[in-house]
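Visitor: Let me see the structure of the following:
(4 chains)
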Amino acid sequence: MQTQIEIHSELLNIQQCIDWVMSPDSGGIDVFIGTVRNATKGRTVLKLEFEAYKPMAIKEMQKISELVFERWPVQKVLIHHRTGTLQVAEIPVIIAVSAKHRDAAFEACRYIIDTLKQTVPIWKKEFFEDGEVWVAAHP
Amino acid sequence: MQTQIEIHSELLNIQQCIDWVMSPDSGGIDVFIGTVRNATKGRTVLKLEFEAYKPMAIKEMQKISELVFERWPVQKVLIHHRTGTLQVAEIPVIIAVSAKHRDAAFEACRYIIDTLKQTVPIWKKEFFEDGEVWVAAHP
Amino acid sequence: MEITILAFGIAKDIFGRAWIKVKLAEAATTADLKSHLETQYPRLKKLASYMVAVNNEYAEDDGILTVHDEVAIIPPVSGG
Amino acid sequence: MEITILAFGIAKDIFGRAWIKVKLAEAATTADLKSHLETQYPRLKKLASYMVAVNNEYAEDDGILTVHDEVAIIPPVSGG
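Guide: Got it, this is the predicted structure:
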């Protein structure tokens, strides 16, 4: 059970993430890469800002990872999340999971990103030409 | 509808694959990376050899990609498959799918690898210490 | 007792700063804190939802707060 | 008519080479080709399954072959 969890404001490095989860007893790796989209509901997005409650966010990510290891036969789990200002097409999040068999990798990876978006205390502000908004804050 | 399909004997380049599927109107990328595992059913694997019926394999991959674009709202689909001799931990296949929303990327990526393993004329021979076997050839 | 409340995301905008201090009765609960804050900062009630975290864990409404706790307001998360 | 049959994977081992030539009656079908090959190379029958591809497409058993077709034996695939 090996987990690598990081939250920081530097560029995320895809190759390094994948190198870390690779292992000779793995048969497959599933990787999810979030990217900043240029529009939300038709409005042009100029940039995003991500803020994290870092110690709690790390703790929540660790909980997700522990649950994944209980539920699926996976080998390594990596979650890297970026904070600070991101431009369009930059990468806020990389999740990578290696496993002997691909089903576990796919299911665990999807579970991680779905759960991260529900429980991990990280917030995103979208900047438009005519304003800015904290995503999901209001009904 | 943009597709990049390649079969060749050079090392597959993960970063290049991901760079190709990225786009400013994507919100997520799912990537599946196959890796050569060091054992099959408890037997140590020394190396693998992949052989392709290349023109037909390309055609079958194109069919998979077309079906993906009919079925899911995805933006770019990439399938790279390697041939020749691969050592343990090397990468025979990379599949990458970008989409506005992550569900489509995950589902399409999984569909592609599942279908590729059923329909695309590529064959894998496993080399053990005491013999070799064409995978799936016999019941 | 006086407790420091950390704020993130839109809660920081609502409080006008990254932390505030509030005065609560001894043995006050998370629910007491929420109603205190909602009186002082009515915009909190306009949020889709918000949680209180105590010592880096999501807290139940009936959890009792102490001056030693690290308390934070967690508006709807939107990472990833 | 004489048709060249391409072989891949274990079929190449069974034939002992990457292609063979077979003599078939005019308007022979894929099924005719299969039974011809299975007589000559009984190990084909031991495979989990195998398909015939004609011009880079999986062929039906009743498809008619011509000398202009590119015909290949496709043992169980195992890519990825």
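
Visitor: Could you pull out the buried residues of stretch A:56-68?
Guide: A:56, A:57, A:58, A:59, A:60, A:61, A:64, A:65, A:68 (16 or more other Cβ atoms under 10 Å in any protein chain shown). Quick note: C-beta positions are derived from backbone N, CA and C, even for glycine.

Visitor: Can you say which helix or strand has the first one in it?
Guide: Same thing as residue A:56. helix A:54-71 (DSSP states H and E).

Visitor: Partner strands of the following helix or strand past that helix and their direction?
Guide: Next helix or strand after helix A:54-71 toward the C-terminus (DSSP H and E): strand A:74-82. With DSSP bridges as the test, strand A:74-82 is paired with strand A:2-8 (parallel), strand A:93-99 (antiparallel).

Visitor: quick one: buried residues of the very next helix or strand once past the last one?
Guide: Next along the chain after strand A:93-99, taking DSSP H and E as the criterion, comes helix A:102-119. Of the residues in helix A:102-119, those with enough neighbours to count as buried (16+ other Cβ under 10 Å) are A:102, A:104-117, A:119.

Visitor: quick one, helices of chain C?
Guide: Assigned by DSSP state H, chain C shows helices spanning C:10-15, C:30-40.

Visitor: Enumerate the residues of chain A near chain C.
Guide: Applying Cβ under 8 Å from any Cβ of the partner chain, we find that chain A lies next to chain C at A:34, A:50-53, A:55-57, A:59, A:81, A:92-93, A:113, A:116-125, A:134-139.

Visitor: which of the residues you listed are buried?
Guide: Applying 16+ other Cβ under 10 Å to these flags A:34, A:50-53, A:56-57, A:59, A:81, A:92-93, A:113, A:116-117, A:119-125, A:134-137 as buried.

Visitor: circling back: which one of the strands paired with strand A:74-82 is the most hemmed in?
Guide: strand A:93-99 (a mean of 27; mean count of other Cβ atoms under 10 Å in any protein chain shown).

Visitor: just how off-centre is that one within its chain?
Guide: Mean-position distance between strand A:93-99 and its chain equals 9 Å (Cα atoms, centre = their mean, to the nearest Å).

Visitor: Residue C:56 touches residue C:71, doesn't it?
Guide: No - contact criterion Cβ atoms under 8 Å: residue C:56 and residue C:71 do not qualify, at 10.4 Å.

Visitor: So for residue C:11, what's the pLDDT?
Guide: Residue C:11 is assigned a predicted lDDT (pLDDT) of 98.

Visitor: I meant to write residue C:31 there.
Guide: On pLDDT, residue C:31 comes in at 98.

Visitor: Could you find the closest non-adjacent residue to it?
Guide: Among residues not flanking residue C:31 along the chain, residue C:61 sits closest, at 4.2 Å (Cβ to Cβ, 6 or more residues apart in numbering or on different chains).

Visitor: Can you tell me which residues in chain A are near chain B?
Guide: Applying Cβ under 8 Å from any Cβ, we find that chain A lies next to chain B at A:14-15, A:18, A:22-35, A:37-39, A:88-89, A:98, A:100, A:102, A:105-106, A:109-110, A:113.

Visitor: Adding mean pLDDT, write the strands paired with strand A:74-82 out as a markdown table.
Guide: Formatted as a markdown table, the strands paired with strand A:74-82 follow (pLDDT from 0 to 100):
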| stretch | mean pLDDT |
| --- | --- |
| strand A:2-8 | 98 |
| strand A:93-99 | 98 |
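
Visitor: export the ones you listed to TSV and tack on distance to residue C:46?
Guide: As requested, these are exported to TSV (distance: least, Cβ to Cβ, whole Å):
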stretch	distance to residue C:46
strand A:2-8	28
strand A:93-99	28
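
Visitor: Distance check, the residue of chain A found nearest chain C against residue A:50.
Guide: Closest residue of chain A to chain C, Cβ to the nearest Cβ: residue A:122 (2.9 Å). From residue A:122 across to residue A:50, the span is 6 Å (Cβ to Cβ, to the nearest Å).

Visitor: State the number of residues packed around whichever residue of chain C sits closest to chain D.
Guide: Chain D sits closest to residue C:80 of chain C, with a gap of 28.2 Å, by Cβ to the nearest Cβ. The number of residues packed near residue C:80 is 24, by other Cβ atoms under 10 Å in any protein chain shown.

Visitor: Next one, pLDDT for the residue nearest to it when sequence neighbours are not counted please.
Guide: Distances taken as Cβ to Cβ, 6+ apart place residue A:117 nearest to residue C:80, at 4.4 Å, with adjacent residues excluded. With respect to pLDDT, residue A:117 scores 98.

Visitor: what does the one 3 residues further on give?
Guide: Among the per-residue scores, residue A:120 holds a pLDDT of 98.

Visitor: give the contact list for it.
Guide: Contact partners of residue A:120, counting by Cβ atoms under 8 Å, 6 or more residues apart in numbering or on different chains, are A:57, A:60, A:61, A:64, A:81, C:77, C:79, C:80.

Visitor: gap between the last one and residue A:35?
Guide: The gap separating residue C:80 from residue A:35 is 11 Å, by Cβ to Cβ.

Visitor: any residues in contact with both of those two?
Guide: residue A:92.

Visitor: Do I have it right that residue A:59 meets residue C:58?
Guide: No - in this structure, residue A:59 is not within contact of residue C:58 by Cβ under 8 Å, at 10.4 Å.

Visitor: can you pull out the strands in chain C?
Guide: Under the criterion DSSP state E, strands of chain C are mapped to C:2-7, C:19-23, C:51-54, C:57-58, C:71-74.
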